[in-house]
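Undergrad: No letters, just coordinates:
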C-alpha cells in the first residue's frame with residue numbers, strides 16, 4: 001500500500017492534470033486509439049498514422065479511455081498502480097541476487113525514492129518501462145539459474161514488451177546473451193546454449209514483429225518500433241544545445257526551428273526520421289573533437305544529484321515537497337544512495353557470486369553509454385534508478401552484518417570460495 005500511496009499523492013497534486021509536451025502526444029494517440037481512429041496523431045477529421053512514440057503506453061491508456069472516457073487523471077492513477085509494482089518486482093530481483101534481507105531493504109528504498117515518485121505524476125514511458133524492465137530482468141535471472149526452453153521464450157517475450165515500452169531496450173537482450181553465455185554453460189552444452197538464445201530471440205520477434213509489420217503497412221517504410229530515434233538524435237546533437245552552456249548535454253526540440261523545419265516540411269514521418277539522423281551525424285562529424293566533452297556533459301546530466309530547473313520543479317504546482325523548498329530532496333536522497341551503492345558494488349565484486357549479482361549493473365552501464373549518444377537527464381535515469389537501490393541495499397546489508405560480527409568479538413576472514421577460484 002505504501003508505494004501506491006506515495007505515487008498517488010504525487011499524481012493528485014494538480015487535481016485536474018492537463019497533459020502537455022510529450023504527455024500530450026501520448027494522450028492524443030491513446031484517445032484516437034480509443035475512438036477507433038487507430039494509432040494516429042491529429043484531431044477529428046485530420047488524423048494520420050504514426051509510429052513516433054512506442055506503442056505500449058498509449059495502448060494501455062487507450063483501454064482506460066475506452067471504458068471511462070477521455071480522463072488523463074484516471075490514466076495517471078493506473079500509472080501509479082504500475083509504479084507501485086516496481087518496488088515489488090525489484091525486491092524479487094534483489095532476493096534472487098542477494099537474499100531476503102537485501103530484498104526487503106531494496107523494496108523500501110525504491111518505494112521512497114523521490115525521483116520515481118515524482119515521475120509517476122507524468123504520462124510518460126518512464127514508469128511503465130521501469131516495471132517492464134524489472135520484470136524482464138527478473139525473468140532473465142530465473143532463466144539463467146534454471147534454463148528451460150519455455151523460460152527462454154518467456155524472457156524474449158518480456159524483453160519485447162520492454163522494447164515496446166521504450167525502444168532503447170531493444171539491444172539489451174543482446175547484452176544479456178553475452179552475459180548469460182558463461183553461467184548457462186554450467187548446465188548446458190554449447191549447442192543447447194545456442195538453442196536457448198535462439199528461443200529468446202524468437203520470443204522477442206513474436207512481440208516486436210507484428211508492430212514492425214503494422215508500421216510497414218501504415219507508413220510504407222521499414223520502421224522497427226518508432227520514427228522518433230532520428231529526431232531524438234538531432235535534438236541532442238545540434239548547435240542550439242552545444243552553443244548554450246545551460247543546455248549542454250540536454251535536448252532541444254528543433255522540429256519547428258530553422259533551418260531544419262524547412263527541410264522537414266511536407267515529409268513523411270520515416271523521411272523526417274532519416275533526415276534528422278543525417279543532420280545529427282553531419283553535426284557530429286563536423287565536431288568530432290568535441291565528442292569527449294559532449295559525452296561528459298550528457299553523462300553528468302543523467303547522473304546529477306540535484307534537481308533540474310524549468311517546468312519540472314520538485315516544488316512547483318503545490319507539490320507535497322513544497323515544504324522542503326529550502327532543500328533539494330534529490331540531493332539529500334542521492335548522496336547516501338550512491339555512496340551505499342558503491343559500497344555494495346565493492347563487496348559484490350569481491351564475492352563468489354559476482355558474475356551473477358553484477359547482472360543488474362549491465363542496464364546501468366548500457367543506458368549510461370546510450371546517453372553519450374543521445375541526451376542526458378534525470379528522466380533518462382528513472383528506469384534504471386531501482387537497480388541502483390539493489391546495490392545500495394547490498395552495501396547497507398554487508399556493513400550491518402560486518403558490524404554485528406565485529407561487535408560479537410569475531411573476526412571477518414576474507415577469502416574466496418571454490419566457485420570463485
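TA: That came through, no problem. Bear in mind the structure is a predicted one, so any value in this text is a computation, not a measurement.

Undergrad: Below-threshold pLDDT in this protein: ranges please.
TA: Along the chain, segments meeting pLDDT under 70 span 1-20, 308-326, 410-421.

Undergrad: Check what contacts stretch 208-218 and list those residues.
TA: Residues from elsewhere that reach stretch 208-218 (C-beta atoms under 8 Å, 6 or more residues apart in numbering): 38-39, 49, 51, 55, 160, 163-164, 170, 221-225. Every C-beta, even on glycine, is put in place using the N, C-alpha and C of the backbone.

Undergrad: cool, stretch 142-156 as well?
TA: 96, 136, 139-140, 173, 176, 180, 183-184, 187-188, 192, 195-197, 199-207, 356, 359.

Undergrad: Repeat the analysis, applying 7 Å as the threshold.
TA: Under the criterion C-beta atoms under 7 Å, 6 or more residues apart in numbering, residues 96, 136, 139-140, 173, 180, 183-184, 187-188, 196, 199-204 lie in contact with stretch 142-156.

Undergrad: Quick one: distance of the lengthiest helix in the chain to the chain centre.
TA: Counting by DSSP state H, the longest helix found in the chain is helix 190-219. Mean-position distance between helix 190-219 and its chain equals 21 Å (C-alpha atoms, centre = their mean, to the nearest Å).

Undergrad: swap in stretch 350-357?
TA: 25 Å.

Undergrad: Stretch 152-161 now?
TA: 17 Å.

Undergrad: residue boundaries of the strands in this structure?
TA: 40-43, 46-49 (DSSP state E).

Undergrad: Ok, which of those comes nearest residue 105?
TA: strand 40-43 (43.8 Å; C-beta to C-beta).

Undergrad: Contacts only, for residue 398.
TA: 344, 347.

Undergrad: Also residue 280?
TA: Taking C-beta under 7 Å, 6+ apart as the test, what residue 280 contacts is 233-234, 237.

Undergrad: please redo it, this time with the cut-off set to 8 Å
TA: 230, 233-234, 236-238.

Undergrad: and what of residue 124?
TA: Contacts of residue 124 by C-beta under 8 Å, 6+ apart are 22-23, 26, 57, 379.

Undergrad: what about 6 Å?
TA: residue 22 (C-beta atoms under 6 Å, 6 or more residues apart in numbering).

Undergrad: Quick check: phi and psi on it?
TA: Backbone dihedrals for residue 124, given as degrees, to the nearest 10, come out at phi -130, psi 180.

Undergrad: roughly how far apart are it and residue 377?
TA: 12 Å (C-beta to C-beta, to the nearest Å).

Undergrad: between the two, what contacts are shared?
TA: Common neighbours of residue 124 and residue 377 (C-beta under 6 Å, 6+ apart) do not exist.

Undergrad: Show the contacting residues for residue 169.
TA: Counted by C-beta under 6 Å, 6+ apart, residue 169 has contacts 162-163.

Undergrad: Number of residues surrounding residue 44?
TA: Using other C-beta atoms under 10 Å, residue 44 has 8 other residues around it.

Undergrad: and the gap between it and residue 55?
TA: Taking C-beta to C-beta, one finds residue 44 at 22 Å from residue 55.

Undergrad: do residue 301 as well
TA: Residue 301 sits 28 Å away from residue 55, going by C-beta to C-beta.

Undergrad: And the residue nearest the centre of this protein?
TA: residue 383 (3.1 Å; C-alpha atoms, centre = their mean).

Undergrad: Tell me who's in contact with that residue.
TA: 129-130, 133.

Undergrad: Neighbour count and distance to residue 63 for the residues you listed - can I get that in CSV?
TA: Formatted as CSV, the contacts of residue 383 follow (neighbours: other C-beta atoms under 10 Å; distance: C-beta to C-beta, whole Å):
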residue, neighbour count, distance to residue 63
129, 25, 18
130, 29, 20
133, 27, 21
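
Undergrad: Can you flag which of those residues belong to helices?
TA: Per DSSP H, these map to helices at 129-130, 133.

Undergrad: Tell me the one among these nearest to residue 283.
TA: Distances from residue 283 to the ones in helices among the contacts of residue 383, taken by C-beta to C-beta, are shortest for residue 129, at 28.0 Å.

Undergrad: and stretch 21-32, how far from the chain's centre?
TA: Per C-alpha atoms, centre = their mean, the centroid offset for stretch 21-32 relative to its chain is 19 Å.

Undergrad: Give me the contacts around that stretch.
TA: Outside stretch 21-32, the residues that reach it (C-beta under 6 Å, 6+ apart) are 19, 40, 47, 53, 57-58, 61-62, 65, 70, 72, 122-124.

Undergrad: so which two of those residues are the farthest from each other?
TA: 47 and 122, at 24.2 Å, using C-beta to C-beta across the contacts of stretch 21-32.

Undergrad: Looking at those two, which has the bigger crowd around it?
TA: Counted by other C-beta under 10 Å, residue 47 and residue 122 do not tie: residue 122 has more neighbours, with 22 against 17.
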